[in-house]
Structure formats: C-alpha cells, structure tokens
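Asker: I would like to see how this sequence folds:
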Amino acid sequence: SQLATGLARDGWRCIALDIPAQSLARIATCSQASTDRSVVIDIGAGELSIVFAENSSSQYFRNRIRFSPQSATSTLADALGTSEEAAENLLAYWGLGGVDLCDTTGLEKLIAQHLSQWLQQLVYETRRTLSFLKHRFGGNADCKIILCGGGANIRGLPELLTTELKSLVRFAEPSVACSWRSAERYS
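Answerer: This next block holds a predicted model:
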C-alpha cells in the first residue's frame, strides 16, 4: 500500500500489485522441510493469495481474497490509538502470545483480543480453501502450510493457525541466495 501511495503522488494509478502464482509456489522449495505438496499463503493488507503447489509447481491459485477491510497493523493501530509503525512493532515483537493463553502476557492478550475478528476471517478463508483443495486434489495430510507477506509478520501466528487448522503452519524461510549486508556493522 505504501508503494501504491508513492506511485499515486507521482501521478501513476496503481490498480494492483500481485505476486505471480509460480513465485509463490517456489517459496515452498526454499524450505529445509519442504514436501511434495504445500499451500503457500501470502497475507497482505486485508487480502490473501493462496497457492497450492506440488513439486514447486502451481496447481491452484486463489488470488486477492478480501477477508478484512484493513490490515492487522491498521486494525491494531486504530484499536489502540497508536501509529501504524508502533502497531507493526507490537505485532512483530509481542504478537499473539501462546495458543492456550497460559503463558500469555497482558499485552499479548490485548493484541489477540483486538485482532480476534481479523484472525477469525483469516482462518475462515483459509479453511474454505483447504476444504476445496482436499476435495479437488485429495487428502492434504502431508501438506505443509507456509505463510509469507507483510501480514504474516505476527509473532505467534503460525502456532495459532496450526491449532486452528490442524495442519503444520510455519513462516516462509528466506532463500539461501538472500544475503543482507548492512553499511554499519551489527546494524
């Protein structure tokens, strides 16, 4: 959304920025624990793109599924009356806490409470797609679910979705070819 806003300031009209299905399918092969079948979920600002991949080849693509009017960051910022940058840091560093809420701090409970509707809709759309994939491509017992995109940067989200969806969910791992060098040491 920031890129689209920047383009609009320069007089360009950005209708959509979409990741190609095959690029999302390849995310599954970047993993150390990759399997033959994977579901890659790209979580954006209130939208999902879901790819079912077999052997890193896209077999099914459900693009730009609107599940929320706002991103998780915007939802939390509005609820707490903070900036989006502060909300983004809260989501990345505190997140949702434990799935069973036993080891969860007060701040993590507050975040989970304010994101409950966002999370319910995310789970609902994901379940719908997984159910369709199960009927169309057979059982998905060995299928891994991989999260990527800006909306996936919520600490504790894979654990919560693993419990809700009864499937192993994890974050996408950066490609081995990615190396980041900073101008300043330890920056």
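
Asker: from now on I want contacts and neighbour counts done on CA atoms only, so please keep to that.
Answerer: Noted.

Asker: pretty sure G156 contacts L96?
Answerer: Yes. Counting by C-alpha atoms under 8 Å, L96 is a contact partner of G156 at 5.3 Å.

Asker: which of the two has more neighbours?
Answerer: Set G156 next to L96 and count neighbours by other C-alpha atoms under 10 Å: L96 wins out with 27 against 20.

Asker: doesn't the more buried one fall inside a strand?
Answerer: No. Secondary structure of L96 (DSSP: H, G, I helix; E, B strand; the rest coil): coil, not part of a strand.

Asker: longest strand in this protein, by residue count?
Answerer: strand 57-66 (DSSP state E).

Asker: can you mark which positions in that one are buried?
Answerer: Residues of strand 57-66 classed as buried by neighbour count (16 or more other C-alpha atoms under 10 Å): S57, S58, Q59, Y60, F61, N63, R64, I65, R66.

Asker: now, the most widely separated pair of those?
Answerer: The distance between the two most remote of the buried residues of strand 57-66 (C-alpha to C-alpha) is 24.4 Å, for S57 and R66.

Asker: mind listing the strands for this protein?
Answerer: Using DSSP E, the strands found in the chain span residues 37-43, 47-54, 57-66, 144-148, 169-171.

Asker: find the least confident helix or strand in this structure, judged by mean pLDDT.
Answerer: helix 21-27 (a mean of 76; mean pLDDT, DSSP states H and E).

Asker: got the angle for the longest helix belonging to the chain vs strand 144-148?
Answerer: Longest among the helix segments of the chain by residue count, using DSSP state H, is helix 116-137. Note on geometry: by axes from the mean of the first three to the mean of the last three C-alpha atoms, to 10 degrees, helix 116-137 and strand 144-148 are set 140 degrees apart in direction.

Asker: which elements pack onto helix 116-137?
Answerer: Secondary-structure packing of helix 116-137 (3 or more C-alpha pairs under 8 Å, 6 or more residues apart in numbering; DSSP states H and E): helix 157-165.

Asker: so how far is F132 from D36?
Answerer: According to C-alpha to C-alpha, to the nearest Å, D36 stands 19 Å off from F132.

Asker: who's in contact with the spatially most central residue of the chain?
Answerer: For the chain, A152 is the residue whose C-alpha lies nearest the centre (C-alpha atoms, centre = their mean; 2.9 Å). If you count contacts by C-alpha atoms under 8 Å, 6 or more residues apart in numbering, A152 has them with D42, I43, G44, F171.

Asker: quick one: low-confidence parts of the chain?
Answerer: 1, 16-19, 28-35, 98-104, 139-142, 174-187 (pLDDT under 70).

Asker: one more time with 90
Answerer: For the chain, the stretches flagged by pLDDT under 90 are 1-9, 12-38, 44-46, 53-64, 92-110, 112, 133-144, 148-153, 166-168, 170-187.
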